[in-house]
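Trainee: Here's my sequence, what's the structure:
(2 chains)
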Protein chains: 2
Amino acid sequence: MIVIGGGVIGLAVAWRLAQQGAGVLLLERDEPGRGTSHVAAGMLAPVSEAHPREEPLLRLGIASAQAYPGFVAALEEASGLDPGYLECGTLIAARDRDEAEGLERELEIRTKFGLAVRRLTPTEARRLEPALAPTIRGALEVADDHAIDPRQLTKALVAAARRAGVQVRTGTAVTEVEIGADGAVGGVRLSDGERLSSDALVIAAGVWSPGLFGLPPEALVPVRPVKGQIMRLRDPGGAGLMTRALRLPAAYLVPRGDGRYVLGATVEERGFDTSVTAGALFELLRDAVELVPGLSELVIDELSAGTRPGTPDNAPVIGAGSVRGLYWATGHYRHGILLAPITAELIAQALLEGQLPSLGEPFSPRRFERGRKLPTEVGA
Amino acid sequence: MIVIGGGVIGLAVAWRLAQQGAGVLLLERDEPGRGTSHVAAGMLAPVSEAHPREEPLLRLGIASAQAYPGFVAALEEASGLDPGYLECGTLIAARDRDEAEGLERELEIRTKFGLAVRRLTPTEARRLEPALAPTIRGALEVADDHAIDPRQLTKALVAAARRAGVQVRTGTAVTEVEIGADGAVGGVRLSDGERLSSDALVIAAGVWSPGLFGLPPEALVPVRPVKGQIMRLRDPGGAGLMTRALRLPAAYLVPRGDGRYVLGATVEERGFDTSVTAGALFELLRDAVELVPGLSELVIDELSAGTRPGTPDNAPVIGAGSVRGLYWATGHYRHGILLAPITAELIAQALLEGQLPSLGEPFSPRRFERGRKLPTEVGA
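Mentor: From the prediction side, this is the model:
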């Protein structure tokens, strides 16, 4: 079988399939992990930005977050590499009454789903993280929201996938999906003209998924790029400024545990534009420096921008499409790193056992087929 | 004669000396213009940040600003290259009553020195520069404060110097100044061990000037590095957001005339540290975005940091030192680009005619010799 796309999703899927004995060829036009995964911050936060109507997505995220410790342990053993998982926990701080009220809503959701959460006074929060500004109004400690370094994760996934027998072929783009006379997937055509046969195909090409030709219009999944800008910072003084991740009003400050931090990301509808703009940096820094004044002393290692794959309902697309042999694992929007383990598991079950588990049903690509219920109803 | 240092000052001095018939060897350890000049914003503003007690420096700056049009015209002709001079004029905007009062003091100084200056209402200022925030309290138009692109300037100076006969030798550091038995300059020793003889030596090595060995302690000029961080921005929509330079409370926004802008620079006492920090970017952007909200849309082309050569009184060091044959052209702090033409002229007169013009006298290196008046009294 063929997996198209060598980001975290495609790699996790390929590795999982190979672990279960499948022969897998992974096609990546660039180098693995150089697209959206390369820019991701790596927060593993299933609840943080959830709206109540997104319960199925919450359940999916929680399942994936709970699978993470086992996933990274297996990955470390299989790859011989450190996947960069950091059990740091997260703080959510409120700066004013509005934000303090927001914390109460967060608390409710987390309590409802049985997740660890604790209300902190400003003093308690600053005892945990002395770098927090004295002006905070309150905080939540979310002890189980952790983080991973997506670049280390990608490297480990490539190694594990290869060791499990996945053939990783880079530098060649897939230009077309070939459909046989029987209406099922027959294979793919590459940019160098070569044709590869396969009766099973997983599209994990993220924002580039719509660039594949050959699929009938009714089988297509709509994916748009959603820009995110992000900063990589480094404390010349080493680790210790913040030990936990910090959720900001519209971003995260994520520690790597060694004095490096990631601050991001913006959410912008700008097509495939990946420029780094003054306004985005300013907004990221404004919130972050207000909450953690000591951040000013950090050195900027990297500014970057990427695009997340967003579907019309911003929920991922996981499972079998309307063409036989075609599977989708894309559209993970802001949650691709978090959802990699569960997506790999769901795709493996759908592909190898012929049945998408019920947890994945709300994310079936079939919801975008013409005549089906409107995308905005998903998860309602 | 030998000029040590291939920044804007060293290049301008070497070119001027060669124009007057001198045989000049310029020694630059890196590539010309890759040090402080490479990071400079290029504002040509003799008055902007002056304090009343710095009258000699004001007069020096005004003389150099007035020499600029002729300097760049000659440079363009001599080099065949565009030196990047932009007669943009400058606005100084006030955001509150304090800053509005500051404008009145600026107005006084400029009027006193006979410089063009005009008080503008907010409406008048926004008629000139519609991108200015509607919240400004008032502004000054400083029609004669222009800007130059230091990178283009450097390239043109290298070409002009070479065409005038200057031998530019790069990639070799000067490690030592050799003093002859007669107590006068004898030559220099290079890092590769080679010795070069010369009875006249101009030290234009900026922040690296104190790294030259061999001079008697009483002849040394104290120069320290003063860090500046700067951003290079680009408007994807092309030129037009701002046509004039804008003085911010602690920096400048300098247009290049083609949609590119430079925003900077900070002033930090950090030794030779040239890291780019979150806090510096934040402060630059905070003031700039408040005054020109449209700046948010600009793309960040480059973040950089450099060090300016600062003396104990932050005024430049120009002229003959206490060792015969030794001349200084360093310590230009925040004004190196502005002061290049006048420094070249003063050094040429001091070296070729044996007399530093009175305009340059307050900047003689002799003021730092032991037993002389305190540096802080200079210019009083």
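
Trainee: how about the CA coordinates for stretch A:210-224, as PDB?
Mentor: Provided in PDB are the C-alpha atoms of stretch A:210-224 (Å, rounded to 0.1, in the frame of the first residue of the first chain):
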ATOM      1  CA  PRO A 210      -6.100  19.000  -3.100                       C
ATOM      2  CA  GLY A 211      -3.200  19.000  -5.600                       C
ATOM      3  CA  LEU A 212      -3.700  15.300  -6.500                       C
ATOM      4  CA  PHE A 213      -5.400  14.900  -9.800                       C
ATOM      5  CA  GLY A 214      -7.400  11.900 -11.000                       C
ATOM      6  CA  LEU A 215     -10.000  11.600  -8.300                       C
ATOM      7  CA  PRO A 216     -13.700  11.900  -9.300                       C
ATOM      8  CA  PRO A 217     -15.000  15.300  -8.100                       C
ATOM      9  CA  GLU A 218     -17.400  13.700  -5.600                       C
ATOM     10  CA  ALA A 219     -14.600  11.900  -3.900                       C
ATOM     11  CA  LEU A 220     -12.500  15.000  -3.200                       C
ATOM     12  CA  VAL A 221     -12.000  16.400   0.300                       C
ATOM     13  CA  PRO A 222     -11.800  20.200   0.600                       C
ATOM     14  CA  VAL A 223      -8.700  21.300   2.400                       C
ATOM     15  CA  ARG A 224      -7.400  24.900   2.700                       C
END
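
Trainee: Extract the residue ranges of the stretch 51-200 of chain A that are flagged as low pLDDT.
Mentor: Along the stretch 51-200 of chain A, the parts satisfying pLDDT under 70 run over A:51-53.

Trainee: What are the boundaries of the strands in it?
Mentor: Counting by DSSP state E, counting those that start in this stretch, the stretch 51-200 of chain A has strands at residues A:85-86, A:90-94, A:118-120, A:138-142, A:146-148, A:167-170, A:174-179, A:185-190, A:195-197.

Trainee: which parts of the last one are buried?
Mentor: Put plainly, it is strand A:195-197. By 16 or more other C-beta atoms under 10 Å in any protein chain shown, the buried positions in strand A:195-197 come out as residue A:196. Glycine gets a C-beta too; all of them are placed from N, C-alpha and C.

Trainee: by contact count, what packs against it?
Mentor: Contact partners of strand A:195-197 among helices and strands, from 3 or more C-beta pairs under 8 Å, 6 or more residues apart in numbering or on different chains; DSSP states H and E: strand A:185-190.

Trainee: ok so, going back, now render the strands of the stretch 51-200 of chain A as a markdown table, adding distance to residue B:369.
Mentor: Below are these laid out as a markdown table (distance: least, C-beta to C-beta, whole Å):
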| stretch | distance to residue B:369 |
| --- | --- |
| strand A:85-86 | 58 |
| strand A:90-94 | 57 |
| strand A:118-120 | 62 |
| strand A:138-142 | 60 |
| strand A:146-148 | 59 |
| strand A:167-170 | 66 |
| strand A:174-179 | 75 |
| strand A:185-190 | 75 |
| strand A:195-197 | 80 |
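
Trainee: Give me the distance between the nearest residue to residue A:111 once chain neighbours are set aside and chain B.
Mentor: In space, and not counting its chain neighbours, residue A:111 is closest to residue A:117: 6.5 Å by C-beta to C-beta, 6 or more residues apart in numbering or on different chains. For residue A:117, the distance to chain B equals 29 Å [C-beta to the nearest C-beta, to the nearest Å].

Trainee: Pick out the residue closest to the middle of chain A.
Mentor: Geometric centre of chain A, nearest residue: residue A:336, 1.6 Å, by C-alpha atoms, centre = their mean.

Trainee: Test my guess that it contacts residue A:10.
Mentor: No. Residue A:336 is beyond contact range of residue A:10, at 10.3 Å (criterion: C-beta atoms under 8 Å).

Trainee: What parts of chain A come near chain B?
Mentor: Residues of chain A lying near chain B by C-beta under 8 Å from any C-beta of the partner chain: A:231, A:233, A:236, A:263, A:275-282, A:285-286, A:288-289, A:295-300, A:303.

Trainee: Using ChimeraX, define a selection of the buried residues within these.
Mentor: Per 16+ other C-beta under 10 Å, the buried members of those correspond to this ChimeraX selection:
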select /A:231,233,263,275,276,277,278,279,280,281,282,285,286,288,289,295,296,297,298,299,300,303
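
Trainee: Restricted to strands, list the residues of chain A next to chain B.
Mentor: A:231, A:233, A:263, A:299-300, A:303 (DSSP state E).

Trainee: which among those residues gets closest to residue A:361?
Mentor: Using C-beta to C-beta, residue A:263 is the member of those that lies nearest residue A:361, at 35.9 Å.

Trainee: hang on, isn't the closest one packed against residue A:231?
Mentor: Yes. With contact defined as C-beta under 8 Å, residue A:263 reaches residue A:231; the gap is 4.5 Å.

Trainee: what is in contact with those two at once?
Mentor: Common contact partners of residue A:263 and residue A:231 (C-beta atoms under 8 Å, 6 or more residues apart in numbering or on different chains): A:284-285, B:278.

Trainee: how about TSV for these, with pLDDT added?
Mentor: Compiled in TSV, the shared contacts of residue A:263 and residue A:231 are given as follows (pLDDT from 0 to 100):
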residue	pLDDT
A:284	95
A:285	96
B:278	96
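
Trainee: List the ones among these that fall in helices.
Mentor: Counting by DSSP state H, the shared contacts of residue A:263 and residue A:231 place A:284-285, B:278 in helices.

Trainee: how about the helices of chain A, start to end?
Mentor: A:8-19, A:36-39, A:55-79, A:97-112, A:122-128, A:150-163, A:278-291, A:336-353.

Trainee: Residue A:308: which of those is closest?
Mentor: helix A:36-39 (5.9 Å).

Trainee: now residue A:166: how far from residue A:17?
Mentor: Noted for residue A:166: a distance of 8 Å to residue A:17, by C-beta to C-beta, to the nearest Å.

Trainee: For the two, list the residues in contact with both.
Mentor: With C-beta under 8 Å, 6+ apart, residue A:166 and residue A:17 have common neighbours residue A:24.

Trainee: Report the beta-bridge partner residues of the spatially closest residue to residue A:31 that is not a sequence neighbour.
Mentor: Computed as C-beta to C-beta, 6+ apart, the closest residue to residue A:31 that is not its neighbour in sequence is residue A:170, at 5.7 Å. Note on residue A:170: beta-bridge partners by DSSP bridges are residue A:28.

Trainee: So what's the residue count around residue A:170?
Mentor: The tally of other residues near residue A:170 (other C-beta atoms under 10 Å in any protein chain shown) stands at 14.

Trainee: Equivalent analysis for residue A:258, please.
Mentor: So residue A:258, with other C-beta under 10 Å, has 12 neighbours.

Trainee: For it, give me its contacts.
Mentor: Counted by C-beta under 8 Å, 6+ apart, residue A:258 has contacts A:238-239.
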